[in-house]
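Participant: Next comes the sequence, and after it the predicted model I'd like to discuss.
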Amino acid sequence: MSDHENFKKFKIAVGYPPIETNKGVPLLSQNRQFQYFNAPTYIYPMVPAYAASLAKVRGYDVVWMDGIGAKQTYQEWIDQLDSEKPDLLMIETKSPVVKQHWKTIKELKEKFPSMIIVLVGDHVTYDPKETMDNSPVDYIITGGDYDFMLSDLADSVTKDVVLVGGIWGRKGDTRVTLSELIKYENSEVNGEEAYWVSGPLRQTHNLDELPFVDRDLTHWEYYAYANGNYKYTPATYMYSGKDCWWNRCTFCVWDHTINPQGTYRRFTPERLFAEVKHVVDNYGVREIFDDAGTLFVGPPLKKFCNLLIESGYNKKVVFGCNMRLNALTQEYYDLMGKANFRFILYGMESGNQYTLDKLDKGLKVHQIEEGVRMAKKAGLEPHLTIMLGYPWETEEMAKNTIALAKMMFKKGYVDTMQATIVIPYPGTPLYKECVENDWLLVDKHDYEEFDMRGPVMKIPFAHERLMELTQELYSSFFTPQYMIRKVLSIRNLDDIKFLWYSGWKIIGHLLDFDKEQTKVNYASPKFWINAVKSLFTHLLPKKEDQKVEETIKESAEAEIKARAGVSSKVE
């Protein structure tokens, strides 16, 4: 048998083991913040999908094994693994499930001792040695370029190519070819030299060199329907860049682990448009959500919009993206509206300037209202993501955030939102601050507690009240003005389906943050009493509702004064 035939037989599996729990569907794949959803949601993991697609293009036999997206039981996933018999399995992990993955890897190694197991993700990038010490994993690919580096690792195993930097392995491993840049590390368990690092990590790959995601290989249909970001289905995800060009928010684990400052790269507008055209022409996709941390702006955005408009694809597909609230002018929003952008997701995080500054958001309170107002004027449908439970925020400050969200819903500037409890993931400046200031309620290594089902940081009011406030934030849309506006906006069956799905999602999220947690479910009267109480709490005006307009005005005036001060210094 020829060397080429041997090489072609090397099989790579990319996947996620099912997580069997009564907490809901785990949002693990391609998710910056891990959470369990009672209303099932499936996010298309773009970087793993690119990893699988590139490996196939480079000649490997590849199988996609997302047991979560496929709704498999753990045993069904194991049976598939036994049937496929891959030579290498890559799994993405995160802090709340990393200990479960350590256990899974031990089980897999007992059942499939010759299978190479590779871990990727933000947690193992932050502390690779910890996972090497606590599991029999073979390799850890650090950083966010594992879409390229998975194939590089396979090349070293199968073709004796020198291994690229940024990969951890075990001393004595002879399956890969190491360079002179190798560095050895001691185990924290016994202090002995036990691991190697293949060299410095360099995240400089040209994203335009990636193939289109092979959507047949990666079962795009798993992720085409059950997702609150979609109004028109079938829909799909894209990934225009790694990952966010602002790249500074202190709570964002991707900004400080797999895609740190100085590593931002993006597709060219032409390359992104080519993949848009591909999925529309070949899969009948009706809506696309770009999952980069923030879509590119300036001339690249203008070019991309014009490509959609001039080609006529703005009449064939709807587009959505993540964006910063103060990144665009009305001119750009109008162009996006013409290009048929619909869903635009903003990380608002808080309605308090003190918190925005501590998070290094680079955002003023009044710019929140300005951003969504301009987007809405252009015909877009703004969506806000907001967090509660900061250690420094009082209950009054949390109520200020809820009041700002309520006001924007009432005025019709915002269509949907997502509320979460802030989690200080290991690897972030916020996590470091928590450890230094003794803000954690749990041991810093109790990662399974970081699953957003409750606070892990000390706050200056009761935790049960935080859960109630999170429910109130989720129900801040429930004003007569918003409800009437939504009913009057119905134009077709898609609108009706979307409103129904959105309502179901809201109920699911109210259950996600019910203070009774897994003690209640959809059939529990106690849950429905809490949910109705939360929904109707906004029908009467509150003290903080009256203050929010004043807060916005003060924020705008402060920025004008600050600019005037800078201008006078320059003169």
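Facilitator: Perfect, I can see it now.
Participant: what are the ranges of the helices in the stretch 251-400 of the chain?
Facilitator: 253-256, 269-283, 299-311, 330-338, 353-358, 365-377, 395-411 (DSSP state H, counting those that start in this stretch).
Participant: Relative to residue 83, which of the ones you listed is closest?
Facilitator: With C-beta to C-beta as the criterion, residue 83 lies closest to helix 269-283 of the helices of the stretch 251-400 of the chain, at 27.0 Å. Every residue, glycine included, has its C-beta placed from N, CA and C.
Participant: What are the contacting residues of that closest one?
Facilitator: Helix 269-283 is touched from outside by 207-208, 212-213, 215, 220, 234, 236, 238, 240, 267, 285, 288, 290, 296, 300-301, 303-304, 307-308, 311, 313, 316-317, 319, with contacts defined as C-beta atoms under 8 Å, 6 or more residues apart in numbering.
Participant: Show me what counts as buried in it.
Facilitator: Using 16 or more other C-beta atoms under 10 Å as the test for burial, helix 269-283 gives 269, 271-273, 275-277, 279-280.
Participant: right, so the helices of the stretch 251-400 of the chain: which one is the most enclosed?
Facilitator: By mean neighbour count, with neighbours taken as mean count of other C-beta atoms under 10 Å, helix 253-256 ranks first of these at a mean of 26.
Participant: Residues contacting that helix, please?
Facilitator: The contact list for helix 253-256, computed with C-beta under 8 Å, 6+ apart, reads 32-33, 95, 122, 126, 144, 243-244, 247-250, 261, 293, 425-429.
Participant: lowest-confidence helix or strand of this structure?
Facilitator: helix 3-8 (a mean of 48; mean pLDDT, DSSP states H and E).
Participant: Rounded mean pLDDT for the next helix or strand after that one, please.
Facilitator: Once helix 3-8 ends, the next helix or strand along the chain (criterion: DSSP states H and E) is strand 11-16. Averaging pLDDT along strand 11-16 yields 98.
Participant: elements contacting strand 11-16?
Facilitator: Judged by 3 or more C-beta pairs under 8 Å, 6 or more residues apart in numbering; DSSP states H and E, the packing partners of strand 11-16 are helix 46-57, strand 61-66, helix 74-84, strand 88-92, helix 146-159.
Participant: That strand to helix 74-84, inter-axis angle?
Facilitator: Per axes from the mean of the first three to the mean of the last three C-alpha atoms, to 10 degrees, the angle that strand 11-16 makes with helix 74-84 is 170 degrees.
Participant: the strands in the stretch 351-500 of the chain, which residues?
Facilitator: Remark: strands assigned in the stretch 351-500 of the chain by DSSP state E, counting those that start in this stretch are 381-388, 416-421.
Participant: any chance of the helices and strands packed on strand 11-16 in JSON lines, with mean neighbour count too?
Facilitator: Listed next are those as JSON lines, based on neighbours: other C-beta atoms under 10 Å:
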{"stretch": "helix 46-57", "mean neighbour count": "24"}
{"stretch": "strand 61-66", "mean neighbour count": "22"}
{"stretch": "helix 74-84", "mean neighbour count": "14"}
{"stretch": "strand 88-92", "mean neighbour count": "24"}
{"stretch": "helix 146-159", "mean neighbour count": "23"}
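Participant: Now tell me what touches the helix or strand hosting residue 185 from outside.
Facilitator: Secondary structure assignment for residue 185, by DSSP H and E: strand 183-186. By C-beta under 8 Å, 6+ apart, the residues outside strand 183-186 that reach it are 129, 168, 171, 192-197, 199.
Participant: What strands flank that strand, and is each parallel or antiparallel?
Facilitator: Using DSSP bridges, strand 183-186 pairs in its sheet with strand 193-197 (antiparallel).
Participant: rewinding a little: tell me which of the helices of the stretch 251-400 of the chain sits nearest to residue 344.
Facilitator: Judged by C-beta to C-beta, the one of the helices of the stretch 251-400 of the chain that comes nearest to residue 344 is helix 365-377, at 5.4 Å.
Participant: quick check, residue 529 in a strand?
Facilitator: No - counting by DSSP: H, G, I helix; E, B strand; the rest coil, residue 529 is not part of a strand but helix.
Participant: How about residue 166, nearest residue that isn't a chain neighbour?
Facilitator: Leaving aside its sequence neighbours, residue 166 sits nearest to residue 201 (C-beta to C-beta, 6 or more residues apart in numbering; 3.1 Å).
Participant: Pull the number of nearby residues for the one you found.
Facilitator: Counted with other C-beta atoms under 10 Å, residues neighbouring residue 201 total 20.
Participant: Compute the distance between residue 200 and residue 487, please.
Facilitator: 58 Å (C-beta to C-beta, to the nearest Å).
Participant: actually residue 275, not the one I typed
Facilitator: 37 Å.
Participant: the longest helix in this protein is where?
Facilitator: As assigned by DSSP state H, the longest helix anywhere in the chain is helix 543-570.
Participant: helices or strands next to that one in the packing?
Facilitator: Secondary-structure packing of helix 543-570 (3+ C-beta pairs under 8 Å, 6+ apart): helix 365-377, helix 395-411.
Participant: Would you reformat those as a markdown table and include mean pLDDT and distance to residue 17?
Facilitator: Output for these, formatted as a markdown table (pLDDT from 0 to 100; distance: least, C-beta to C-beta, whole Å):
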| stretch | mean pLDDT | distance to residue 17 |
| --- | --- | --- |
| helix 365-377 | 98 | 39 |
| helix 395-411 | 94 | 36 |
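Participant: out of those, which comes closest to residue 560?
Facilitator: Residue 560 sits nearest to helix 365-377 of all the helices and strands packed on helix 543-570, at 10.0 Å, using C-beta to C-beta.
Participant: same for the closest one, what does it pack against?
Facilitator: With contacts defined as 3+ C-beta pairs under 8 Å, 6+ apart, helix 365-377 has these neighbours: helix 330-338, strand 341-349, strand 381-388, helix 395-411, helix 543-570.
Participant: Nearest to residue 20, out of these?
Facilitator: Using C-beta to C-beta, the helices and strands packed on helix 365-377 put strand 381-388 closest to residue 20, at 28.0 Å.
Participant: Please parse the chain into its domains.
Facilitator: Listed by automatic domain parsing, the domain ranges of the chain are 3-197, 211-550.
Participant: Out of those domains, flag the one nearest residue 562.
Facilitator: domain 211-550 (9.3 Å).
Participant: mind checking the end-to-end distance for that closest one?
Facilitator: End-to-end distance for domain 211-550: 51 Å, by C-alpha to C-alpha, to the nearest Å.
Participant: do stretch 123-139 as well
Facilitator: 14 Å.
Participant: Could you give me the buried positions within that stretch?
Facilitator: Buried residues in stretch 123-139 (16+ other C-beta under 10 Å): 123-132, 134-135, 137-139.
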